[in-house]
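*Asks:* build me a model from this:
(one chain, ligands or ions: 1)
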Amino acid sequence: MADTASISSKTPVTVLTGYLGAGKTTLLNRILSENHGQKYAVIVNEFGEIGIDNDLIVGADEEVFEMNNGCVCCTVRGDLIRILQGLMRRKGKFDAIIVETTGLADPGPVAQTFFVDEDVKAKTYLDSVTALVDAKHFKSALDADRVVKEQIAFADQVILNKTDLVTPEELNEVEARIRGLNPLATIQRAERSGVDIKSLLNQHRFDLSKMDGIANHDDHGPDCADDCGHDYHYDHSHHHHDHNPAHGEAGHVHDEHCGHDHHHHDHGHAHDHGHINPIHDNEIRSVSLSSDKPLDGVRFTKWIDQLLAAKGPDILRAKGIIDVAGEDKRLVFQAVHMILEGELQAPWKDSENRFSRAVFIGRHLDEVALRAGFEACIKV
Ligand SMILES: Nc1nc2c(ncn2[C@@H]2O[C@H](COP(=O)(O)OP(=O)(O)OP(=O)(O)O)[C@@H](O)[C@H]2O)c(=O)[nH]1
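*Replies:* Take a look at the predicted model:
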């Protein structure tokens, strides 16, 4: 149980994203002023913002650290590491950290920081990427800026805010659109970012032990309740890759998808077979693969390694639970771009129907090839 102990001694970090005006400041203000018994250190990115944000947060008597740089996508990681290190020297003064990204930020590099930097990894863990969505302006923002899709694609949980400004029909439509982009995230509706703070933070969304909800994603996403997975006993055969040598360099996470379109694909998928992606989004989408037959562990590992090495820049998030032939425990994995984490855990119960399921969220996903690759791993 060593890892369980160490996870609990690490400080949880919530990365908060959301397009301009979605309600991030409103939410932060709630987090910092409501009486929930927790102390949060907040890292605010100043980019494009004005002083009032500061006043709000400082006034709430919390620790505030700012990142003063322009391009979050390429350069914030070094700053973030430094700020996190500074914060961790004051460990004990707060229970959790919230990183607010700018409305224009690609959450990828920020999320990757928590898997790449050894020091950060040793002291903190990414609890969730939480995206705020402005129900009223979502559709126009989607058209205006690709980062909106990235924020949704990366999110573990979405707060669908400003519900007061749209009709129930419009709200359902926006929610379906979000669900089409990301079948895994939980979605909470809110007015003035009024969600239950306790339900928002400390959810362990990146914790491999809490991914059982993926099994239910066809319905509602991984609605991992608090009691999900608490009793698991791990085997801790932790498997952690960084396929891109460039990522190994300290303070540098400029990956290929860093804000610039280097990738030219033939757009062969005019026809969208995605059964969980009811509304066509020509770029970012999700593909869900499943099988009730066990997979060959060696073949699957090789496939996912090669897939992420080749397509990592396009794959924003992936999660899965795999029934490995001859293995009593389920293999659980998740990836952020090329960074893959997987471990064996939670033995299948005798009464349980075993299954394998993998969900990929990304751009230019070739569903036919993904499906063929996955199915080739089925143990014959
Ligand atoms: N009607 C309505 N207005 C809201 C709601 N939530 C936030 N607002 C308002 O929307 C505006 C933008 O909210 P902020 O919390 O500043 O949004 P933000 O994401 O921090 O915005 P940026 O800092 O520009 O990225 C503010 O005037 C809020 O008062 C809501 O649920 N309904």
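*Asks:* and this structure, which residues reach the ligand?
*Replies:* 18, 20-26, 49, 103, 161-162, 164-165, 191-193 (CB under 6 Å from any ligand atom). Placement of C-beta: from N, CA and C, glycine included.
*Asks:* buried members of these into PyMOL, please.
*Replies:* Restricted to buried positions by 16 or more other CB atoms under 10 Å, the PyMOL selection for the residues of the chain next to the ligand reads:
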select buried, resi 18+20+21+22+23+24+25+26+49+103+161+162+193
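*Asks:* the chain: helices as residue ranges?
*Replies:* For the chain, helices defined by DSSP state H occupy the ranges 2-9, 24-33, 51-59, 72-88, 107-116, 118-123, 138-144, 147-154, 168-181, 197-200, 245-248, 297-311, 367-375.
*Asks:* report all helices and strands that the second one contacts.
*Replies:* Same thing as helix 24-33. The contact analysis (3 or more CB pairs under 8 Å, 6 or more residues apart in numbering; DSSP states H and E) places helix 24-33 against strand 11-18, strand 40-45, helix 51-59, strand 96-100, strand 157-161, helix 197-200.
*Asks:* can you lay out these as JSON lines showing mean pLDDT?
*Replies:* Shown next, in JSON lines, are the helices and strands packed on helix 24-33 (pLDDT from 0 to 100):
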{"stretch": "strand 11-18", "mean pLDDT": "90"}
{"stretch": "strand 40-45", "mean pLDDT": "78"}
{"stretch": "helix 51-59", "mean pLDDT": "37"}
{"stretch": "strand 96-100", "mean pLDDT": "85"}
{"stretch": "strand 157-161", "mean pLDDT": "95"}
{"stretch": "helix 197-200", "mean pLDDT": "76"}
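*Asks:* a markdown table for these, including distance to residue 187?
*Replies:* Listed next are the helices and strands packed on helix 24-33 as a markdown table, based on distance: least, CB to CB, whole Å:
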| stretch | distance to residue 187 |
| --- | --- |
| strand 11-18 | 13 |
| strand 40-45 | 23 |
| helix 51-59 | 26 |
| strand 96-100 | 20 |
| strand 157-161 | 5 |
| helix 197-200 | 12 |
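*Asks:* out of the ones you listed, flag the one nearest residue 122.
*Replies:* The minimum distance between residue 122 and the helices and strands packed on helix 24-33 falls on strand 11-18, with 10.8 Å, by CB to CB.
*Asks:* what strands line up against the closest one, and which way round?
*Replies:* As defined by DSSP bridges, the strand partners of strand 11-18 come to strand 96-100 (parallel), strand 124-134 (parallel).
*Asks:* looking at those, which is buried most?
*Replies:* Among those, strand 124-134 has the highest mean neighbour count (mean count of other CB atoms under 10 Å), at a mean of 26.
*Asks:* could you give the angle of that one to helix 147-154?
*Replies:* Per axes from the mean of the first three to the mean of the last three CA atoms, to 10 degrees, the angle that strand 124-134 makes with helix 147-154 is 130 degrees.
*Asks:* put the alpha carbons of strand 124-134 into PDB.
*Replies:* Taking Å, rounded to 0.1, in the frame of the first residue of the first chain, the C-alpha atoms of strand 124-134 are listed here in PDB:
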ATOM      1  CA  THR A 124       1.800  16.800  -6.300                       C
ATOM      2  CA  TYR A 125      -0.700  15.000  -8.500                       C
ATOM      3  CA  LEU A 126      -3.100  16.200 -11.100                       C
ATOM      4  CA  ASP A 127      -6.500  15.700  -9.500                       C
ATOM      5  CA  SER A 128      -8.500  16.900 -12.500                       C
ATOM      6  CA  VAL A 129      -8.700  19.200 -15.500                       C
ATOM      7  CA  THR A 130     -11.900  21.000 -15.000                       C
ATOM      8  CA  ALA A 131     -13.300  23.000 -17.900                       C
ATOM      9  CA  LEU A 132     -15.900  25.800 -17.600                       C
ATOM     10  CA  VAL A 133     -18.200  26.300 -20.500                       C
ATOM     11  CA  ASP A 134     -20.400  29.300 -21.200                       C
END
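*Asks:* quick check: mean pLDDT of it?
*Replies:* The pLDDT scores in strand 124-134 average 92.
*Asks:* what angle do that strand and helix 24-33 make?
*Replies:* Using the same axes, to 10 degrees: strand 124-134 against helix 24-33 is 130 degrees.
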